[in-house]
Structure formats: C-alpha cells, structure tokens
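> Sequence plus the predicted model coming up.
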Amino acid sequence: MSETWLDQMVGEWTFEGHSVPESPEHRRQGEETVVRQGVWIVAESDDGARFQLAMDPTSGEVSGRILNWGDPNLLV
C-alpha cells in the first residue's frame, strides 16, 4: 500500500452512517471535505466530525485520529 492510496480519498463526499448496534437516533448523514495536509489526510464533515489519517511509509500501516466536535460528551 502506498501514500497514493490515501490520495484517492481527497475530495468532496456525501456520507450516511449508523451506530452498531443500530439505533435510529444515532443515524447520521451529510457532507465532508477531505484534504491533504503533508503526510496526513484530513476529513471534516458538516456535523463537526474530524478524521485524520496518515500512512507509515516503512510499514505501510495507516493510523489516525477521530474527533467529533459535535458530540455533547466531548470534554475540552
């Protein structure tokens, strides 16, 4: 796997998702923008979620962080 694998995620996207186990109040849908920032790709959705992914060029493993600014349980 190469860093170009992450580049295919760059762009404007629509999404729909749900929790597991599924619960109607935890369904979400919207739009997100994915950009390249150095070795990271950063996805920010219109509901406040932010995902950051990077690939370790040595191992080929992808790692990342997820933060949902819209989560009422988020402590800052």
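Happy to help now that I have it.
> can we go C-alpha only for contacts and neighbour counts from here?
Will do.
> Is D47 within a helix or a strand, and which one?
Using DSSP states H and E, D47 falls within no helix or strand.
> which strand in this protein runs the most residues?
If you go by DSSP state E, the chain has its longest strand at strand 28-37.
> Show me what that one is packed against.
Under the contact criterion of 3 or more Cα pairs under 8 Å, 6 or more residues apart in numbering; DSSP states H and E, strand 28-37 touches strand 11-17, strand 40-45.
> Need those strands in a markdown table (columns: mean neighbour count and mean pLDDT).
Below are the helices and strands packed on strand 28-37 laid out as a markdown table (neighbours: other Cα atoms under 10 Å; pLDDT from 0 to 100):
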| stretch | mean neighbour count | mean pLDDT |
| --- | --- | --- |
| strand 11-17 | 11 | 90 |
| strand 40-45 | 20 | 88 |
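> who touches the most centrally placed residue in the chain in this structure?
The centre of the chain sits closest to F51, judged by Cα atoms, centre = their mean, with a distance of 3.1 Å. By Cα atoms under 8 Å, 6 or more residues apart in numbering, the contact set of F51 is V42, A43, E44, G64, R65, I66, L67.
> quick one: which two of the residues you listed are the most distant?
Pairwise distances among these were taken by Cα to Cα; the largest, 13.5 Å, belongs to E44 and G64.
> Regarding E25, what is its secondary structure?
Classification of E25 by DSSP: H, G, I helix; E, B strand; the rest coil places it in helix.
> neighbours around it, how many?
Around E25 there are 8 other residues, counting by other Cα atoms under 10 Å.
> in this protein, which ranges drop under the pLDDT threshold?
For the chain, the stretches with pLDDT under 70 are 1-3, 19, 67-76.
> For the protein, list the residue farthest from the centre, please.
The centre of the chain is farthest from one residue, T58, which by Cα atoms, centre = their mean lies 22.6 Å away.
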